[in-house]
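Participant: sharing a model prediction with you, sequence too.
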Amino acid sequence: MAKPRYDHLWPLVHAERAALADDLADLTEEQWEQRSLCEDWTVEEVVAHLTATASLNQWKWLRSMLAARFRPAVHNRRRLAEHLGTDPAETLDRFRAIVDSTTSPSGHIPAYLGEVVVHAQDIRQPLGLTRTPSVDALTPVAEFFARRNFTVPSSSRVADLQLRADDGPFVGGRGALVTGSTLALVMSMAGRPQYVDELDGPGVQLLRTRLRPVTRPARRRKRS
């Protein structure tokens with residue numbers, strides 16, 4: 001069976017990156033240091049991570065993983081540090097430079113669209129920014145996350161559940177029903193418990209038990 005082609009998703013990736021860059025343009029220094037929803041990364045560190053992901057082709061990714069002894073956390077930390085600027089303005093400039101990039105470690109473009117969608121919300125939610133990605137961008141991410149584990153165990157989190165978006169065409173899985181916006185479903189599959197309260201249905205409690213929020217103290221990064 002031929003592998004599906006996802007090149008038509010690149011314009012959506014580019015649009016979501018550009019929208020995030022616009023949202024970041026007027027942040028204060030304190031906002032750049034705000035802890036995001038992504039573990040213990042700050043807003044600035046998440047942006048640098050997105051730049052890193054869009055700068056790695058398959059061979060660069062493989063070399064980096066080999067050097068990290070296939071420890072993803074080590075790989076991510078090293079590449080993040082590589083793409084941090086000397087200040088937030090430079091970090092943002094580096095991110096703007098990859099807005100139209102079609103470089104990725106593999107051909108799983110829905111996953112990299114998901115990378116932008118999820119991490120953008122990791123940034124926006126703590127800052128109180130309310131932009132919602134388009135349903136056109138969210139739907140292929142939801143379908144991919146529900147179908148398989150890739151960079152996150154998204155499919156495992158919703159095993160034995162039926163997911164149904166109330167603002168778009170996405171439907172996936174079988175079992176106890178969970179309904180809500182496509183964004184809330186995507187973010188919940190990505191492991192962000194902050195979005196589970198936006199969902200309804202008899203399957204919500206099971207999903208909630210599978211998501212464990214991590215509480216970590218805010219920290220400031222020292223620049224070299």
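Facilitator: All right, it came through fine.

Participant: okay, strands next: where are they in this structure?
Facilitator: For the chain, the strands defined by DSSP state E occupy 161-165, 171-172, 176-180.

Participant: centre of the chain versus stretch 93-102, how much separation?
Facilitator: Relative to its parent chain, stretch 93-102 has a centroid offset of 16 Å by Cα atoms, centre = their mean, to the nearest Å.

Participant: buried residues in that stretch?
Facilitator: Within stretch 93-102, the residues scored as buried using 16 or more other Cβ atoms under 10 Å are 94-96, 98-99, 101. Where you see a C-beta, it was placed from the backbone N, CA and C, and this is true even at glycine.

Participant: which of those residues fall in helices?
Facilitator: Of the buried residues of stretch 93-102, the ones assigned to helices by DSSP state H are 94-96.

Participant: how much space between the residue nearest in space to the middle of the chain and residue 138?
Facilitator: Residue closest to the average C-alpha location in the chain (Cα atoms, centre = their mean): residue 118, at 2.8 Å. The gap separating residue 118 from residue 138 is 10 Å, by Cβ to Cβ, to the nearest Å.

Participant: any residues in contact with both of those two?
Facilitator: When contacts are counted by Cβ atoms under 8 Å, 6 or more residues apart in numbering, residue 118 and residue 138 have residue 186 as shared neighbours.

Participant: redo the buried residues of stretch 93-102 as a markdown table? Include distance to residue 184 and pLDDT.
Facilitator: As requested, the buried residues of stretch 93-102 are exported to a markdown table (distance: Cβ to Cβ, whole Å; pLDDT from 0 to 100):
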| residue | distance to residue 184 | pLDDT |
| --- | --- | --- |
| 94 | 31 | 96 |
| 95 | 26 | 97 |
| 96 | 29 | 98 |
| 98 | 28 | 96 |
| 99 | 26 | 97 |
| 101 | 28 | 96 |
